[in-house]
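# sequence? don't have it. structure:
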């Protein structure tokens, strides 16, 4: 299969999981990730963009360690 790949970091997946699987608000999720709320929000929005790109454009998602 020759799909383009969108790479999400473990950090982005964790932010997304805390929000949508554990249903935590940003403040609580940021605390669990040991980061500020603004940093958490930046990580989460990065995940949103990448996931949307993969879904809309038919790309594969690969989870990678932080670069």
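Great, that's in hand. Bear in mind that the values here come from a model prediction, so they are computed numbers and not experimental data. Numbers count the residues shown, from 1 in each chain.

# residue 3 - that's part of a strand, no?
No: Residue 3 is assigned coil when assessed by DSSP: H, G, I helix; E, B strand; the rest coil, not a strand.

# show me where the protein has its helices.
Ranges of helices in the chain, per DSSP state H, are 10-20, 26-32, 37-57.

# among those helices, show me which one is buried the most.
Comparing the helices of the chain by mean neighbour count (mean count of other C-beta atoms under 10 Å), helix 10-20 ranks first with a mean of 18. (Each C-beta comes from the backbone N, C-alpha and C, glycine too.)

# tell me how far that helix lies from the chain's centre.
5 Å (C-alpha atoms, centre = their mean, to the nearest Å).

# for stretch 34-54, same thing?
5 Å.

# and that stretch, average pLDDT?
On average, the pLDDT along stretch 34-54 is 98.

# need the residues that contact that stretch.
Identification of contacts with stretch 34-54 by C-beta atoms under 8 Å, 6 or more residues apart in numbering yields 6-8, 11-13, 15-16, 19, 26-27, 29-30, 33, 59-61.

# need the helices of the chain in JSON lines with distance to residue 2, can you?
As requested, these are exported to JSON lines (distance: least, C-beta to C-beta, whole Å):
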{"stretch": "helix 10-20", "distance to residue 2": "24"}
{"stretch": "helix 26-32", "distance to residue 2": "35"}
{"stretch": "helix 37-57", "distance to residue 2": "14"}
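
# which stretch among these comes nearest residue 65?
Distance to residue 65, taken as C-beta to C-beta, is lowest for helix 10-20 among the helices of the chain, at 6.2 Å.

# same for that closest one, what does it pack against?
helix 26-32, helix 37-57, strand 60-64 (3 or more C-beta pairs under 8 Å, 6 or more residues apart in numbering; DSSP states H and E).
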